[in-house]
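*Asks:* Give me a 3D structure for the following:
(one chain, ligands or ions: 1)
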Amino acid sequence: MASGIDAQTQYGRRRQAEIYLEGLRGRRPRVPADPVELERRAQDAMSREGFAYIAGGAGLESTMAANRAGFERWRIVPRFLADVSERDTSVELFGRPLPTPFLLAPIGVLEMAHRDADVGAARGAAEAGVPFVISSQASTPMEQIAAAMGDAPRWYQLYFSSSNELARSFVERAEACGCEAIVLTLDTTMLGWRLRDLDLAFLPFILGKGIAQYVSDPEFRRQLDGAEPAPAGRPNLAAIRSLYRLARAYPGSTWRNLLSPEPRAAARLFMDLFPRPSLDWDDVAFLREATRLPLLLKGVLHPDDARRALDHGVDGIVVSNHGGRQVDGALASIDALPAVVEAVSGRIPVLLDSGVRGGADVFKALALGARAVLIGRPYCYGLAIAGSGGVLDVIRNFRADFDLTLGLSGCVSVEDVGPQRLVRSA
Ligand SMILES: Cc1cc2nc3c(=O)[nH]c(=O)nc-3n(C[C@H](O)[C@H](O)[C@H](O)COP(=O)(O)O)c2cc1C
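*Replies:* Below you'll find the model as predicted:
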């Protein structure tokens, strides 16, 4: 390997050298650095339905476009002659030092990207020392994901279902398997109107995908006891195929599942429990009581909600519009960030996701007051292309890009990154 380039303080240069030296042997990166090409290559590796589910957003997907446009409106003002030969990209979150200001966002149904699903993504995150946020809609029970991570940092993202007992059980399991924070997602009290999925008439959960946390949960299993299966209706070829897919996705032997009413009953119970349109601040208070772990609210877009979160003893906020999957026409998360940061005025960390596609986006989010960002779709695409190694490559590219952006803008650490580094263009 190219010597003389320190792996920690010169990460970006080292990654460039790695890639260009491989080029001398005629090898191009299997996981493209260009986010557009990354998505295209992942599409080739996924089923039509899987790609639609991951890539799609709500309605006309204008929120997804706004997320990108929001980042583009902020421009970095580089400064020079500042000796940037040694750089430090590390940050601290809830007492845990992290090599970079990134986490992997909670993403459900990763089995649609790759058969290694959450375990593959978690391994990539663990190797990079980047916290992995385990999703409530994961394809693998949280205990198995945690077991694959050793001591590496992980958090748990909670969808507060219609059952308080189930929510409590999820939190207890997350605590038991070493999660270091609980992230309550606020914005998915119902599923958004997602045109790509609607027009394919495809929802993974009905086919038993993405419900592993539920079917492995003692409280869910208690409620499942005696629950009615969904009516099978008049069978046709497609219905039989769907039953087969459900039987395959459900834990246990496919043959036994085909003969048993349980998988259909579980899918139905999940569909009954999943949404909680009644979610309100009392539920936040319930959760605050239920755990001693740091509690974050994900999906905050208004400063008043941030203030109220402080009143409820919340420890952190994730500014997010769920990657544009919930409200079409919502504001960009980067545009919501400054007011939330001001409302919180340094009392708790503010994180951000939605539309983060490269080092410049990370820089801009930090400059506007975020402590760290969550990487979303790009790591799913890395997973789809090359499993856990693909996730690791995506993280490495983010780290290199951020490190170079930091230095080339005249900064040597994240403390140097503030609003004075940006201007807003028309
Ligand atoms: C396929 C998919 C599934 C997701 N599942 C969850 C989830 O289970 N829980 C959650 O809080 N957010 C979920 N999200 C939202 C992400 O955590 C994150 O907010 C979003 O991906 C950020 O947008 P970006 O990917 O465009 O950067 C999901 C996003 C995608 C694309």
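*Asks:* alpha carbons only for contacts and neighbour counts from here, please
*Replies:* Noted.
*Asks:* any weak-confidence spans in the stretch 201-350 of the chain?
*Replies:* 232 (pLDDT under 70).
*Asks:* could you redo the last one with a cut-off of 90?
*Replies:* 226-235, 275 (pLDDT under 90).
*Asks:* for the ligand, what are the nearby residues on it?
*Replies:* Ser320, His322, Gly323 (Cα under 6 Å from any ligand atom).
*Asks:* Can you tell me which of these has the most neighbours?
*Replies:* Ser320 (28 neighbours; other Cα atoms under 10 Å).
*Asks:* State the distance from that one to Ala113.
*Replies:* With distances taken as Cα to Cα, to the nearest Å, Ser320 is found 22 Å from Ala113.
*Asks:* same deal with Asp416?
*Replies:* 37 Å.
*Asks:* Let me see the contact set for the residue nearest the centre of the chain.
*Replies:* By Cα atoms, centre = their mean, the chain has its centre lying nearest to Ala105, at 1.7 Å. Applying Cα atoms under 8 Å, 6 or more residues apart in numbering to Ala105 gives the contacts Phe132, Val133, Asp353, Leu374, Ile375, Gly376.
*Asks:* Keep only those of those residues that are in strands.
*Replies:* Phe132, Val133, Leu374, Ile375 (DSSP state E).
*Asks:* shouldn't the last one be in contact with Pro106?
*Replies:* The one in question is Ile375. No: in this structure Ile375 lies outside contact range of Pro106 using Cα atoms under 8 Å: 9.1 Å.
*Asks:* so the residue nearest to Ser320 when sequence neighbours are not counted, which of the three states?
*Replies:* Distance criterion Cα to Cα, 6 or more residues apart in numbering; nearest residue to Ser320, sequence neighbours excluded, is Gly299 at 4.5 Å. When classified by DSSP: H, G, I helix; E, B strand; the rest coil, Gly299 comes out as strand.
*Asks:* Count residues in the vicinity of Gly299, would you?
*Replies:* Neighbours of Gly299 (other Cα under 10 Å): 23.
*Asks:* and what of Ser253?
*Replies:* Ser253 has 11 neighbouring residues, counting by other Cα under 10 Å.
*Asks:* so who does Leu310 touch?
*Replies:* For Leu310, the residues meeting the contact criterion (Cα under 8 Å, 6+ apart) are Val344.
*Asks:* so which strand or helix has it?
*Replies:* Element membership for Leu310, per DSSP states H and E: helix 303-311.
*Asks:* just checking, next helix/strand downstream of that helix?
*Replies:* Using DSSP H and E, the helix or strand that follows helix 303-311 in sequence is strand 316-319.
*Asks:* need the contact list for Ser163.
*Replies:* Leu273.
*Asks:* Quick check: pLDDT value at it.
*Replies:* If you check Ser163, the pLDDT there is 96.
*Asks:* and the gap between it and the ligand?
*Replies:* Between Ser163 and the ligand the computed distance is 17 Å (Cα to the nearest ligand atom, to the nearest Å).
*Asks:* Check Cys179 too.
*Replies:* For Cys179 relative to the ligand (Cα to the nearest ligand atom), the value is 15 Å.
*Asks:* Next, that residue: phi, psi?
*Replies:* Here is the backbone geometry of Cys179 (degrees, to the nearest 10): phi -70, psi 140.
*Asks:* What is the burial count for it?
*Replies:* Neighbours of Cys179 (other Cα under 10 Å): 24.
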